[in-house]
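[1] sequence first, then the predicted structure, then my questions.
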Amino acid sequence: MDYKKTNAPTNTITRDMMELCADTGNVYETVAIIGKRANQISVEIKSDLSKKLAEFASYNDNLEEVFENREQIEISRYYEKLPKPDLIAAQEYVEGKVYYRNPAKEKEKLQ
């Protein structure tokens with residue numbers, strides 16, 4: 001997923017918790033959903049960054065031969081400028097792009 005195309009803010013913004021928890025009816029459940037999605041996004045971004053930086057990896061153990069690669073620096077700057085995973089997850093939740101379910105509630109409905 002291209003996280004640069006997300007319309008999540010790059011800075012922290014204040015959100016109305018009662019509006020956020022309207023779907024679940026529970027503030028803590030909403031925070032847990034957003035937190036789990038943020039962890040998923042964080043792992044995905046970290047693996048993407050690791051794959052891109054692995055292309056520039058030097059397998060020489062020579063400390064004298066340290067050089068800066070412009071492309072590597074630009075990739076790192078790109079990922080630093082991205083919105084934080086929790087901001088992306090909160091925006092996805094507000095837009096209704098996050099699928100979640102609570103097995104305990106589903107079990108209660110069946111009984």
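    Everything's here; your move.

[2] from here on, just use CA atoms for contacts and neighbour counts.
    Noted.

[3] and the longest helix for this structure?
    Across the chain, the longest stretch assigned as helix under DSSP state H is helix 27-54.

[4] what helices and strands are in contact with it?
    For helix 27-54, the packing partners by 3 or more CA pairs under 8 Å, 6 or more residues apart in numbering; DSSP states H and E come out as helix 17-20, helix 70-81, helix 85-95.

[5] quick one, that helix and helix 85-95 angle?
    Calculated by axes from the mean of the first three to the mean of the last three CA atoms, to 10 degrees, helix 27-54 forms an angle of 130 degrees with helix 85-95.

[6] what are the buried residues along helix 27-54?
    27, 30, 33-35, 37-38, 41-42, 45 (16 or more other CA atoms under 10 Å).

[7] export the residues you listed to CSV and tack on pLDDT and distance to Ala104?
    Shown next, in CSV, are these (pLDDT from 0 to 100; distance: CA to CA, whole Å):
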residue, pLDDT, distance to Ala104
Val27, 93, 16
Thr30, 94, 15
Ile33, 95, 15
Ile34, 95, 18
Gly35, 96, 19
Arg37, 95, 19
Ala38, 95, 22
Ile41, 94, 25
Ser42, 94, 27
Ile45, 93, 31
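
[8] of those, closest to Leu53?
    Ile45 (12.2 Å; CA to CA).

[9] now the buried residues of helix 27-54 as CSV including distance to Asn11?
    CSV is the format used below for the buried residues of helix 27-54 (distance: CA to CA, whole Å):
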residue, distance to Asn11
Val27, 22
Thr30, 20
Ile33, 20
Ile34, 17
Gly35, 17
Arg37, 18
Ala38, 15
Ile41, 17
Ser42, 17
Ile45, 18
